[in-house]
Structures are given as structure tokens and as C-alpha cells.
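> Fold the stuff below for me.
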Amino acid sequence: MSDTTFWRRVRGLSLSAQIAIGLVAGAFLGIFLGEVVAPIGIIADVYILLLQMTVLPYITFSLIAGLGSLTPHQARMIFSKVGLLLLVLWIISLFLVFIMPLAFPKWESASFFSTSLIEPRHSFDFLNLYIPANPFNALANNIVPAVVLFSIVLGIALIGVENKKEFLTFLDVLVRALSTISQFIVRLTPIGLFAIVANLAGTLKLEEMERVQVYLLAFSAMSALLALWILPGLVTALTPVSYREVLKLTGDALITAFMTGNLFVVLPILIEASKTILGRYSSKEKELLSLPDVIVPASFNFPHSGKVLSVSFILFAAWFANISLSVADHAKLGIVGVLSYFGSLNAAVPYLLDLFRIPIDTFQLFLATGLVNSRFGSAVAAMHTFALAVLGSCAMSGLLIIKPKKILHYGLITVALTAVTIGGLRFYFGHAIEHKYTKADVIKGMELTRKQVPAVVHRSFMARSESGELSPMNRIQAHGNLRVGYLPDSLPYAYFNSRGNLVGLDIDMAHQLAGDMGVSLEFVPLDRNKISEQMNECDCDVLMSGYVITTERAREMLLSNSYLDEHLAFVTLDYRRGDFLSRDSILAHPALRIGAPNVPYYIAKLREYAPNARLVTLTAVSNPFENSLNGLDAIAITAERGSAWSLLYPQYSVVVPQPDVLTIPVAYAVRQKDGELLSFLNTWLELKKKDDTISQLYDYWILGKNAERSRPRWSVLRDVLHWVK
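The predicted structure follows:
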């Protein structure tokens, strides 16, 4: 077969078949090439940008034209009767959205410090989000809810305007033009999904693939529950129609919508099915049968239950990225999500991810799961449209039947089926997906990154007499040795890794300092409560262990210029993190017991911050974590250190209360008489800032960049053919 014949046959296939071929080919290419396929991600990014290019203009013009074409009577009836029913369907769908995460398996995880912990959380500005003072600014900045509301208001205003036909015709032309562009982009879907799936299959880790499976199965199960029972069951509960009749009349539409992933193509079928049902149970046949012709097209402009159910992806993305959303965030998601979904999901999802500070990279997972989920979503949309047409027509004609016993029966069955679905998913995920927590091994396995000099590491304190009359700089050069004090278990600045090596940011810095001075190293452990005395006893040159600057310490020793800043945080059990999100939430719990390291300056600050809390001074940082905080509600520690400890104890969360984030400077310390060495240290630190040494070590030890030395993704190219290393 010639190449020309082959491509002609491919182009002759249906779009669904081409998409299926693209998915299979992309998966094969990704598995074959592995991480070598990463550059193809550029094609995926281009496709995503093209998808979003026409979305907001299309939303604007189609909403204005659709609403503006209604008569005043149609508009009043639809907004009063059908609007209330639509709200009920949204609430039901949102209920399923918010309980879906209950099915997600417990996925023990933790992460290194992230600057997102300390960034101020923007308040929910309801007015600016929904009311566009400048609609063009809302369009330019992708503020979807504001654009939708503006379009709805303008569309409603057009209903009563005379001589609007020409304007509506103009809008219709624009909508068709945008639709033509969209159709062209849709024809690129096989290529776009090929690139997306190839990139994901080649770069997505096995653990991440298991998480994607969680969402696919959960969304599919909840969609089936919604389309096959909740929506048709609601019709049977409020009308004389039987459940069997609903499924029999809508079966073809559901299957067609599922197979094509397109609601629009089954609208005529749904209208006829609605009329058939209504004709069987009403004597007002002529008046009643005309209502679906109005309700179905008008409802097409509003989010259907399938779209609303897709709000669950935001909760999945948060779970995937190990981000916790508060109760207030869930409420915000319910409101903003529905209004954002008036338009395309491809515009709404990135907007919502950004609103809740979830990594935008997860949007590619949404697109990758879209082929399956869009099928289920379209089936839900078809049943949603049918239910709204039948219930809306009955409501507008006064034919709804409210029988408490029948509604209670429907409610009990719905609750039971929902519980079985959630429980079944949770059981399956708990037994079919094996998850092993590995982040503790990552921080325990980290090694020094700087060139190492010969070093002696003492595990216990060793007193040593001072070296005569030599100045510290002369002594270091004369003996060829820099004596560095360290504080054991001072993660991530100084600690012993799984191999028994002393590592950490400041240990790396100590090797860099000694290398620059041309001397070897000697590390001596110090007691946190006797630092000043022990530095004199062991003739210690410098303390390097993330030493926090305070006024008391400045009186006892000489402190260098700060080389980085930390931020006060609270470490608490995961389920208690909501109690420490803000100062107000802390003050709302007057009996809190908070542990804090023995640093008087910051204990005083904590007493000012939380005057009603009981502060408990800690002698060691690690013990409370090992013993469920020893009865404490939280430990006050810096976010940078708390994040490191949470890697070892993932049942804890690090919370930086907003908005008043307290910055804590960190420095090195020398003895009071060693002013010459301090001057040298300050100059050296300035040089290390300028040559990016400190920022590189910060990225590795604090942010965890490149800390996990994982094996490249399995691929045929590397692991079978051995063509690349």
C-alpha cells in the first residue's frame, strides 16, 4: 500500500477513530522513547493554546445571541420555573463533586518547602470576579465569570430591544465564524492528543499514572450514577413517568452522546423523547408539547450536570499535587466553578487551577483524561437535558407531582447507591493500587553537592584548649584546619543521612568555606543550650547550622550578616491544619498547646501572636514528631525546617498563618573576640550570594530541586534496545 493511499484512508476515518489512533500511537511512542519524547510537549502546548484561543469570544457572542433571541414570555418562564430546576440539578451535581474525593485512596505524601506557603492568599473578591467594571479587561485577562455575567446581562437586555434582528444576525455570523475556527482546531485533535499522550506516557512516573487512574474511574462511576439513576430517578419521583420509560426513550440518545462525546448531535432526539413522555401523561398536549422546543435550546447555553461534575477535576488536581483546600475553598469552588463552566472547560479549568494555586501542569492531565471523561460527561449531559425538559415543562404547566413518600423512597435509594459507589471505589483503590511512601528516603539519601575537603566529624562534644595568642585567621592557616560547630538534627542545615554522613546546606557551605580558605575541616557537635560556652571550650571557629538571629544571641556571640530568611510556621497533624491557617483561626481556639524551641526572643513573639495559647518549651525538635506531638496541638517552627521534618513524618502538615507572615533571619556565629573572622565571613557570604552558591544550595536543600535521583522513565528505547543510557 502506498503512503498516499494510507493517508487517504486515515483521513476517511471518523474523527473519533482518528482520535483513537492518535491516542494509541502517542502511547506507543511515549512508551518506546521514554523521556526522550519530552520535546514533543511543544506540540501539545501549541494545541492547548489553540483550543483556548476562541473560547471566550465564542462564549460571549453565543450567550448574547442565544438569550437575545428569546421572547419576553419565554424568558420569564424559563428563568422562573426552569431556572429553579436547573439550580437543583447543579446542587445535586456539586454534591457528587464534593463527596467524590472520599473515594480517593489515602495517599501519604509530603513535600519540600515551597514559596507558595508564604505567598499572601488573595481574598475572594466576589464583586470584581463577577461584576466586570471593564468587560474588555475581563476578556483580556481571562476572567471567565465576569465575561459570562456580562454576556448574560447583555443577552437579557436584548430581549426587549426592538429592531434587534440585524444585530443578532451579525452575532450569529461571528459565532459561525468562531465555530469554523473551532472546527478546524477540532480537526487537529488527533495530532494534539497524540502529542499530549506521547508526552505523558514518556515522562509520567508510574506513581502518577496510578493517580490518573483514580480520577478516571471515580469520574466514570459518578457519571454513571448520575446518568442512570439520579437524574432519571428524579423525573420518576416528581412525575408519573416510570423509570423504565425514561431509560427506554433516552437509551439511544445516551449511547450516541457517549460514543460521539457530543451533546449537540442528540438534541433533536432528546426533544422528541421529551414530547413523547409529555404526550402520554397530559391532556394539554398542544401547549405542553411546544415547551421542550424552547427549553432544550435555551438550556444548551447553561452548564449541564456533566460540566458541573467536571469541577471534581480541581479537587483531584489538588489531591494529585498534595494541596489541601479549606471548607471556604470548597464553597468558593462551587460558586465560581458553575459560573466559569458556562463556557468551554478548556478555558474554565486553567482559570480555576490558577485561582486555587494548583500547578497549571495538571491541566495536561485534564486533557489526557478528557477523551474518556468527555464521553461520560456527554451521556450525563444528555440525561440532564431530557430531565430538565420534562421537569421544566411539567413545572411550567403545573403538572409536577409532590408526593413525600415517593420522594423519600427516591432519596433513600440515591443515598444507598451513592454510598455503595463511593465505598466500592475506595475499596478497589485501597486493594488494587499499591502506594509506598518514599519521600523520607529522599531526604535521608541526600548528599553534599560541593567539592569536599578532608574532614573529621565528631559525634560527641570534645573540649579543647585555645591556641595561644594567634588570631583566629592565623590559627586556621597555621593549623590548616577550620573547626566548625554544628547542631545535630538541624534539618535541613545539618543532619546525618542514611549512610551516616554529616550533610545539609550549612555542611555544604562549610566545605565551600574551607575549600576557599585552603584548609581541612573538623566538625564538633554543640548543645543548643550551651552554645556560647562550648564554642569557647572547644576553640570552635564558627557555628554553621541554620542559627537564628535574636537579640539575646547577639549579646553572647558575634553574628554574621543573614545569608537567608526563614518564615515562622506551625507543624500540626494533617486534619488540624485548618486551625492554624490564620491568626483569627488560632485565636478561635483559646486552649491550644503549642510547642516551641527554647529561643526566648521568638517565644515572646509567639505570646504576642497567640496570647491565649499555652506555650511549651521544647528541648529537642524531633521527639514530639516521633510521639504524635506529645499531646501538643502544634509545634512552632520555621516553614523551611518544618517541611524537611514533614518528609520524615508525612502525617504532619506545615501551615504558615496568613496574612502576617513573620520573617526569621539566619546567620553564622563566632566568638565575641573573633571580630576579624566575622569580617571575613561577611565578605565571603557576600561573594557566595553573588556567585549563586547560596541560591543553588537553597534550591537543593530547602526546595528539594533535583534531590530525588529517580531512574529515568522505563522505555523500550532505553531498557529493551539499550540504544540510549
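> hey, let's count contacts and neighbours off CA atoms from now on
Will do.
> would you say C394 is within a helix?
Yes: under DSSP: H, G, I helix; E, B strand; the rest coil, C394 falls within a helix.
> For A636, give me phi and psi.
In terms of degrees, to the nearest 10, the main-chain angles of A636 are phi -80, psi 120.
> what mean pLDDT does the helix or strand that contains A419 have?
Per DSSP states H and E, A419 falls inside helix 404-432. The average pLDDT within helix 404-432 is 91.
> Which parts of this protein are strands?
455-457, 481-486, 495-496, 502-503, 520-525, 542-548, 558-559, 564-573, 593-597, 614-618, 634-638, 652-655, 663-670 (DSSP state E).
> and those, which is most packed in?
Per residue and on average, the most neighbours among the strands of the chain fall to strand 652-655, with a mean of 28 (mean count of other CA atoms under 10 Å).
> helices or strands up against that one?
strand 564-573, helix 639-648 (3 or more CA pairs under 8 Å, 6 or more residues apart in numbering; DSSP states H and E).
> Could I get these in JSON lines, plus columns for mean pLDDT and distance to G430?
Putting the helices and strands packed on strand 652-655 into JSON lines (pLDDT from 0 to 100; distance: least, CA to CA, whole Å) gives the following:
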{"stretch": "strand 564-573", "mean pLDDT": "91", "distance to G430": "22"}
{"stretch": "helix 639-648", "mean pLDDT": "90", "distance to G430": "22"}
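> CA atoms of stretch 143-163 as CSV?
Coordinates of each C-alpha in stretch 143-163 appear next as CSV, following Å, rounded to 0.1, in the frame of the first residue of the first chain:
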residue,chain,number,x,y,z
ILE,A,143,-11.8,36.4,33.9
VAL,A,144,-14.4,33.8,32.8
PRO,A,145,-17.2,34.5,35.4
ALA,A,146,-17.1,38.2,34.7
VAL,A,147,-17.3,37.6,30.9
VAL,A,148,-20.2,35.2,31.4
LEU,A,149,-22.2,37.5,33.6
PHE,A,150,-21.7,40.4,31.2
SER,A,151,-22.9,38.3,28.3
ILE,A,152,-25.9,37.1,30.2
VAL,A,153,-26.9,40.7,31.2
LEU,A,154,-26.4,42.0,27.7
GLY,A,155,-28.4,39.0,26.3
ILE,A,156,-31.3,39.6,28.7
ALA,A,157,-31.3,43.3,27.8
LEU,A,158,-31.6,42.5,24.1
ILE,A,159,-34.8,40.5,24.7
GLY,A,160,-36.9,43.7,25.0
VAL,A,161,-35.0,45.7,22.3
GLU,A,162,-36.8,46.4,19.1
ASN,A,163,-35.1,46.1,15.7
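> neighbouring contacts of that stretch?
Contacts to stretch 143-163, defined as CA atoms under 8 Å, 6 or more residues apart in numbering, come from residues 56, 59-61, 63-72, 128-132, 135, 138-139, 164, 336, 339-340, 342-343, 347-348, 351.
> What remains of those if I keep only buried residues?
The neighbour count (16 or more other CA atoms under 10 Å) marks 56, 59-61, 63-70, 129-132, 135, 138-139, 336, 339-340, 342-343, 347-348, 351 as buried among these.
> buried set for the helix holding A419?
Within helix 404-432, the residues that count as buried by 16+ other CA under 10 Å are 407, 410-411, 414, 418, 421-422, 425-426, 429-430.
> Sounds good, over and out.
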